[in-house]
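Chemist: Here's a sequence, model it:
(2 chains)
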2 protein chains.
Amino acid sequence: MGVEIERKFLPNGDAWRALGEPVLLRQGYLSSNPARVVRVRIEGEQAYMTIKGKSVGATRGEWEYPIPLGDAGELLALCEQPLVEKFRRKIEFAGNVWEVDEFLGANAGLVVAEIELHAEDQAFERPDWIGVEVTHDARYFNSALARHPFSAW
Amino acid sequence: MGVEIERKFLPNGDAWRALGEPVLLRQGYLSSNPARVVRVRIEGEQAYMTIKGKSVGATRGEWEYPIPLGDAGELLALCEQPLVEKFRRKIEFAGNVWEVDEFLGANAGLVVAEIELHAEDQAFERPDWIGVEVTHDARYFNSALARHPFSAW
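Modeler: Below you'll find the predicted structure:
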């Protein structure tokens, strides 16, 4: 098991837009139950199946397996619809990598910035385009955005 | 995508018991939704994650990936409980392999024999210990047996 510790923020303004190259991510859920999420993701020419357990604070068990790109396309068709699509930009700042996700489709208008940490209490510097934290707001789980998209909030 | 075409029967008597070596299978479901089943299985020293689509007749899309045994143990703990446990015997008869599953735990008392085919209309010979067909009875789906075990029928 891997462990994912991440904190999520809403960006202020759009300075982030010029700071990284956007890569299209398409992902869907075979299970969006927060106790056992099963995600299929295509990122460029690579595809993964990822299982996530229940969140405890900002921490979550995670198991990830590469799968063939052709399988991923078939499995996305099997997933709960609609899929979640977003442009991801990776932005280095003060020794950390921020992932800024600009959502498309039913979640268009939503932008979320995440930082992955090694420990819950790890200190990190925030770029000035980072705004309010939403780590503990379950509406921002990508699995929740598949079922209850931003356009319906 | 692989395609699984299988027919299921209840055995008569217990002649099957002496015809194959029992191997213990432990499996659980990250999703038991029949439209997108996600199964984790440990069979001896090997482990797999298997995704199955909706059944159409005796046919079903199937995608299977080997996973590390240690991961499988962790993922089984994440699955819907209780797990499905069974002894499987593989029995050759007239050029085909029958899999006879003797269920344990909450499904103790249930025995199901399956034959995997290459086409829905493929002819095959039935051993005389094979009884009534239950291919189309959704109660016998293993994912259904996890949620509504034989002991509760």
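Chemist: Show me what from chain A comes close to chain B.
Modeler: A:1, A:30-31, A:33, A:35-36, A:38, A:49, A:51, A:53, A:61, A:63, A:65, A:67, A:71, A:74-75, A:78-80 (CB under 8 Å from any CB of the partner chain). The way it works is simple: take the backbone N, C-alpha and C, and place the C-beta from them, glycine included.
Chemist: Find the closest residue to chain B in chain A.
Modeler: Closest residue of chain A to chain B, CB to the nearest CB: residue A:31 (4.0 Å).
Chemist: shouldn't that residue be in contact with residue A:38?
Modeler: Yes - contact criterion CB atoms under 8 Å: residue A:31 and residue A:38 qualify, at 4.3 Å.
Chemist: Just checking, which helix or strand of chain A averages the lowest pLDDT?
Modeler: The helix or strand of chain A with the lowest confidence, counting by mean pLDDT, DSSP states H and E, is helix A:142-147 at a mean of 89.
Chemist: other SSEs contacting that one?
Modeler: The elements that helix A:142-147 packs onto, with contact taken as 3 or more CB pairs under 8 Å, 6 or more residues apart in numbering or on different chains; DSSP states H and E, are strand A:23-31, strand A:36-43, strand A:84-93.
Chemist: Show me what the residue lying closest to residue A:33 once chain neighbours are set aside is bridged to.
Modeler: Leaving out its chain neighbours, the residue that sits closest to residue A:33 by CB to CB, 6 or more residues apart in numbering or on different chains is residue B:31, at 7.5 Å. When bridges are called by DSSP bridges, residue B:31 pairs up with residue B:38.
Chemist: ok, residue B:31 - how many residues close by?
Modeler: As a burial measure, residue B:31 scores 24 neighbours (other CB atoms under 10 Å in any protein chain shown).
Chemist: how many neighbours does residue A:107 have?
Modeler: The burial count for residue A:107: 24, using other CB under 10 Å.
Chemist: for residue A:69, that is, sorry about that
Modeler: 12.
Chemist: re earlier: what residues are shared contacts of residue A:31 and residue A:38?
Modeler: B:30-31, B:38 (CB atoms under 8 Å, 6 or more residues apart in numbering or on different chains).
Chemist: Now render these as CSV, adding distance to residue A:26.
Modeler: As requested, the shared contacts of residue A:31 and residue A:38 are exported to CSV (distance: CB to CB, whole Å):
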residue, distance to residue A:26
B:30, 21
B:31, 20
B:38, 19
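Chemist: if we can go back for a sec, which residues does the residue nearest to residue A:33 contact?
Modeler: A:30-31, A:33, A:36, A:38, B:37-38.
Chemist: And the pLDDT for it?
Modeler: For residue B:31, the pLDDT comes out at 96.
Chemist: From residue A:35, how far out is it?
Modeler: Counting by CB to CB, to the nearest Å, the gap from residue B:31 to residue A:35 is 11 Å.
Chemist: hey, where'd the strands end up in chain A?
Modeler: Ranges of strands in chain A, per DSSP state E, are A:2-11, A:23-31, A:36-43, A:46-56, A:59-66, A:84-93, A:96-103, A:111-117, A:130-133.
Chemist: Give me the packing partners of the shortest one, helices and strands only.
Modeler: Spelled out, it's strand A:130-133. So strand A:130-133, by 3+ CB pairs under 8 Å, 6+ apart, packs with strand A:2-11.
Chemist: Check which helices and strands the strand it packs on sits against.
Modeler: Strand A:2-11 packs on strand A:59-66, strand A:111-117, strand A:130-133, going by 3+ CB pairs under 8 Å, 6+ apart.
Chemist: Would you mind finding the most buried of those strands?
Modeler: strand A:111-117 (a mean of 20; mean count of other CB atoms under 10 Å in any protein chain shown).
Chemist: Just want the angle from it to strand A:2-11.
Modeler: Counting by axes from the mean of the first three to the mean of the last three CA atoms, to 10 degrees, strand A:111-117 lies at 140 degrees to strand A:2-11.
Chemist: How about residues contacting strand A:111-117?
Modeler: Residues contacting strand A:111-117 (CB under 8 Å, 6+ apart): A:4-11, A:14, A:16, A:58, A:96-103, A:124, A:130, A:134, A:140.
Chemist: go on, stretch A:96-108?
Modeler: Taking CB under 8 Å, 6+ apart as the rule, stretch A:96-108 contacts A:11, A:16-17, A:19-20, A:22, A:25, A:82-92, A:109-116, A:124-125, A:127, A:130, A:145, A:149-152.
Chemist: What's the PyMOL syntax to select whichever of these are buried?
Modeler: Selection of the buried residues among those in PyMOL, burial being defined by 16 or more other CB atoms under 10 Å in any protein chain shown:
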select buried, chain A and resi 11+16+19+20+25+83+84+85+86+87+88+89+91+110+111+112+113+114+115+127+130+145+149+150
